[in-house]
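Undergrad: here you go, sequence then predicted model.
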Amino acid sequence: MSKLNFFIEQARRDLPVYLTEVRRDFLASEGADLVLDLKKFDGTYRRIRLRLPLSDIQSEEQLRFAKEYFFAEVYNILSSLGGAELTVYTAACDEKLTVLFEEITAAFGIGRGRKERRAYGRSVNVIERMLDSQNAAAPFAINVVQGEAPESPEVHAGGENFAAHFMKAFAGIENKALCGVDIGGTDIKLSVSAGGKLCYLKEYDWFPTLFTRADQLVKPVCLLVRLLRARLSCDSVQADAAVVEGLDGAINHHVSDGEIEQAVARAEQALGANLKGFDAIGLCFPDVVIKDKIVGGEVHKTRGIRENPDIDYELEFKKLMHLNDILAAYCVPGGKVSMTNDGPMAAFTAAMEMIAAGRSEALRQGRFAHTLGTDLGTGWVDETGKIPEIPLEAYNFIIDLGSLRGREYHPDDLRSINNFNTRLPGTVQKFMGQSGVFRLAIKASQAGNGKLYSDLLEKGFIEERDGGVFVVLKPKDMRKPLLEYLMGLCQAGDPLMQEVFLEIGRATGITISETNHILAPATKERVLYGRLVKLPCCFELIKRGAAEIDDTFLLSVADEQNAFTGLMLQLKDHPVYTVAQFAQSVGAIYYGNLST
């Protein structure tokens, strides 16, 4: 059996067929060489070489698999690097290649409007918004050239010691009031420091995917920043005890937006001229962020807004795009709001801890981080000390060309491997993070005796309706409780859940392989943040699973053992919250201070 047929048979058996393995086999086989040159936003290039085993492609099914593989490679490159133009070179002449090349522009929606683009084309929507934000003269294009590729246009930046630049993030922090905001798909976490002390931490649960207008995203963020601004202002005056009590209740407990608004409005009125703004706000948002502006617009968190038929999405999205300008109202005159994606914030936070630990020299290779929470966040501080202004939407990477049964379900069905946004099958979103844990737990239970599945139904975590299986969202959002329950089973030694986290680790290894393939970072280490690595047992299983893919990967977890900056050490000693929970919001404080 040829390897191509082997992959197809694995897919039929509902087993994963990892893209990394397919590419490795194709590159080792005889076939047509393809050279992909991506012109990036900054004018530099990234070159990637692929191969297709044309002699093995004899049937429509085989051609369909080869096409899906090729489109997945292109899609992952665009989802990671964005770019202004992609050119594909091939010296081969074959009708099978002609079919692939004729279909690629249609598949990616080149020449179509954003509303018309589906599946692979959603990556082009993100690229267009990025180009629009930079006032680019030409739209994104995909070109196919018959002939040998020219000499490689790639330019590799040399490494340098950039710790001095990051040291600015520590400057004067003991004299400033700073706020860090970590926005996720299940909750928002905020941290405040004043006089170098970590004063207040706030966790707020929400479900932004259900929102249908931009202000439903913007208003809670503003309200929470106002809440912490008011509470910090009370510390510098003789504030009314009832006002302080109301603010503390809103910070320390899960209360309604109405109760928070009431406490804040009362405090703001009582404080009057004594209401002080922050010197800076650092914020990470789960979407593509370029120059402090949210420019992606294709994430799960904005799905409800994107699918609202009563609005013009592009106009509505612009209200969210300028969140930094809106939040600037809660800063002192001249104060700045600095924003990035949650992945780069994780990488930045990890770099700050390395500097504080005296490991500045190691930063010559950059820093790479992933957040395993509601979704997967991916961040990279490169060898030059910069956060590259690229999409880096690794949660959208297609890593599995198999698991055919999982393609049959609606994306919201817990058994589905289809992406929530693009509906493309086999993306990281359904193999790592919260959705990966849910899917693999359901699949493993239904393949066994089904006890876990029946327990989850009885405990009210999941429900069967409309022919599918879903997380219960009303009257209470059970996503976080379900994840905590499953992680608790893993910690208690449940063999099924331990295998689930091993599989999460294997997917982590594949995802690392894909980012290495596309980005070629110098660093081999990855720092993991987020709820999935909060328990040591879960992290160790993820680490073991990743090692099965490649035992040279170095994984570390952002926990108490990796706390070295002044604020992170204070978080380490917090009686309620952990470093794993609030590390990014604390890192966001330093990120905000970097701009002051």
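TA: Arrived safely. Numbers count the residues shown, from 1 in each chain.
Undergrad: tell me if I110 really is in a strand.
TA: No: counting by DSSP: H, G, I helix; E, B strand; the rest coil, I110 is located in no strand; its state is coil.
Undergrad: spatially nearest residue to it (excluding sequence neighbours)?
TA: I142 (5.6 Å; Cβ to Cβ, 6 or more residues apart in numbering). For the C-beta atoms, the positions are set from N, CA and C on the backbone; glycine is no exception.
Undergrad: and G277, by the same measure?
TA: Spatial nearest neighbour of G277, chain neighbours left out: V332 (4.2 Å); criterion: Cβ to Cβ, 6+ apart.
Undergrad: show me where the stretch 251-400 of the chain dips below the pLDDT cut-off.
TA: Residue ranges of the stretch 251-400 of the chain with pLDDT under 70: none are present.
Undergrad: how about the chain?
TA: For the chain, the stretches flagged by pLDDT under 70 are 1, 137, 155-163.
Undergrad: at 50 instead, please
TA: Along the chain, the parts satisfying pLDDT under 50 run over 159.
Undergrad: list the contacts of the helix or strand harbouring N324.
TA: Using DSSP states H and E, N324 maps to helix 323-327. For helix 323-327, the surrounding residues in contact (Cβ atoms under 8 Å, 6 or more residues apart in numbering) are 218, 221-222, 225, 281, 283, 285, 292-294, 337-339.
Undergrad: let's go with 7 Å and repeat that
TA: The set of residues external to helix 323-327 that reach it, using Cβ atoms under 7 Å, 6 or more residues apart in numbering, is V218, V221, C222, V225, I281, D292, K293, I294, V337, M339.
Undergrad: dump the C-alpha coordinates for that helix into CSV.
TA: What follows is helix 323-327, C-alpha atoms only, in CSV (Å, rounded to 0.1, in the frame of the first residue of the first chain):
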residue,chain,number,x,y,z
LEU,A,323,-10.8,49.8,21.7
ASN,A,324,-7.4,51.3,22.6
ASP,A,325,-8.7,54.8,21.9
ILE,A,326,-11.8,54.2,23.9
LEU,A,327,-9.9,52.9,27.0
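Undergrad: what's the first helix or strand after that helix?
TA: Sequence-wise, the next helix or strand downstream of helix 323-327 (DSSP H and E) is strand 331-341.
Undergrad: what sits up against that following strand?
TA: 277-285, 287-289, 292, 324, 327-328, 377, 379, 387, 591-592, 594-596.
Undergrad: can you pull the contacts of the nearest residue to T511 once chain neighbours are set aside?
TA: Excluding its sequence neighbours, the residue lying closest to T511 (Cβ to Cβ, 6+ apart) is V428, at 5.4 Å. V428 makes contact with L376, A394, Y395, F397, I399, A507, T511, according to Cβ under 7 Å, 6+ apart.
Undergrad: of the residues you listed, which belong to strands?
TA: Members of the contacts of V428 lying in strands (criterion: DSSP state E): L376.
Undergrad: dump the contacts of V428 to JSON lines, plus neighbour count.
TA: Compiled in JSON lines, the contacts of V428 are given as follows (neighbours: other Cβ atoms under 10 Å):
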{"residue": "L376", "neighbour count": "30"}
{"residue": "A394", "neighbour count": "28"}
{"residue": "Y395", "neighbour count": "29"}
{"residue": "F397", "neighbour count": "27"}
{"residue": "I399", "neighbour count": "24"}
{"residue": "A507", "neighbour count": "25"}
{"residue": "T511", "neighbour count": "25"}
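Undergrad: tell me the one of the contacts of V428 nearest I110?
TA: Distance to I110, by Cβ to Cβ, is smallest for F397 among these, at 20.7 Å.
Undergrad: mind checking how far that closest one is from A138?
TA: Counting by Cβ to Cβ, to the nearest Å, the gap from F397 to A138 is 27 Å.
Undergrad: quick check: phi and psi on V471?
TA: phi -70, psi 140 (degrees, to the nearest 10).
Undergrad: what sits against it?
TA: V471 neighbours (Cβ under 7 Å, 6+ apart): L414, F438, F461, I462, M478, R479, L482.
Undergrad: in this structure T565 contacts M352, no?
TA: Yes: if you go by Cβ atoms under 7 Å, T565 and M352 touch, sitting 5.7 Å apart.
Undergrad: the more surrounded of the two?
TA: A direct count of neighbours by other Cβ atoms under 10 Å for T565 and M352 places M352 higher, at 26 against 22.
Undergrad: the more buried one touches Y591, doesn't it?
TA: No: contact criterion Cβ under 7 Å: M352 and Y591 do not qualify, at 8.5 Å.
Undergrad: tell me, what's touching the two both at once?
TA: By Cβ under 7 Å, 6+ apart, the residues touching both M352 and Y591 are A169.
Undergrad: tally of neighbours for A329?
TA: 12.
Undergrad: likewise I8?
TA: 20.
Undergrad: start the count at 27 instead of 1 going forward.
TA: In the new numbering, first residue 27, that becomes I34.
Undergrad: confirm it sits in a helix?
TA: Yes: assigned with three-state DSSP, I34 falls within a helix.
Undergrad: and the residue nearest to T537, how far from E484?
TA: 31 Å.
Undergrad: again with F166
TA: Distance from F166 to E484, by Cβ to Cβ: 50 Å.
Undergrad: higher neighbour count, these two?
TA: More crowded of F166 and E484, by other Cβ under 10 Å: F166, with 22 against 9.
Undergrad: re earlier: what subset of the contacts of helix 349-353 is buried?
TA: Among those, the ones that count as buried by 16 or more other Cβ atoms under 10 Å are V244, V247, V251, I307, D318, K319, I320, V363, M365.
Undergrad: so of these, which ones are in strands?
TA: If you go by DSSP E, these have I307, K319, I320, V363, M365 in strands.
Undergrad: can I get those in a markdown table with distance to G221?
TA: Conversion of those to a markdown table gives the following (distance: Cβ to Cβ, whole Å):
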| residue | distance to G221 |
| --- | --- |
| I307 | 17 |
| K319 | 31 |
| I320 | 31 |
| V363 | 21 |
| M365 | 25 |
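Undergrad: residues contacting stretch 610-622, please?
TA: Contacts for stretch 610-622 (Cβ under 7 Å, 6+ apart): 194-195, 199, 202, 204-208, 215-217, 219, 305-310, 362, 364, 366, 368, 371-372, 374-375, 378, 555, 591, 593-594, 597.
Undergrad: quick one: buried ones out of the residues you listed?
TA: The buried subset of these (16+ other Cβ under 10 Å) comprises 195, 199, 202, 204-208, 215-217, 219, 305-310, 362, 364, 366, 368, 371-372, 374-375, 378, 555, 591, 593-594, 597.
Undergrad: of these, which belong to helices?
TA: Per DSSP state H, helices hold the following members of those: D368, M371, A372, F374, T375, M378, L593, M594, L597.
Undergrad: and the residues you listed, which is closest to F97?
TA: F97 lies nearest to D368 out of those, by Cβ to Cβ, at 27.3 Å.
Undergrad: measure that closest one to R505 for me?
TA: 17 Å.
Undergrad: over to V314?
TA: For V314, the distance to R505 - Cβ to Cβ - is 24 Å.
Undergrad: more neighbours: those two, which one.
TA: Taking neighbours as other Cβ under 10 Å, V314 and R505 compare with V314 leading, 26 against 21.
Undergrad: can you give me phi and psi for the closest residue to the more buried one other than its chain neighbours?
TA: Excluding the flanking residues, the one nearest V314 by Cβ to Cβ, 6+ apart is G322, at 3.3 Å. The phi/psi pair for G322 (degrees, to the nearest 10) reads phi -80, psi -70.
Undergrad: close enough to count as contact, Q460 and K506?
TA: No: using Cβ under 7 Å as the test, Q460 is too far from K506 to be in contact (8.4 Å).
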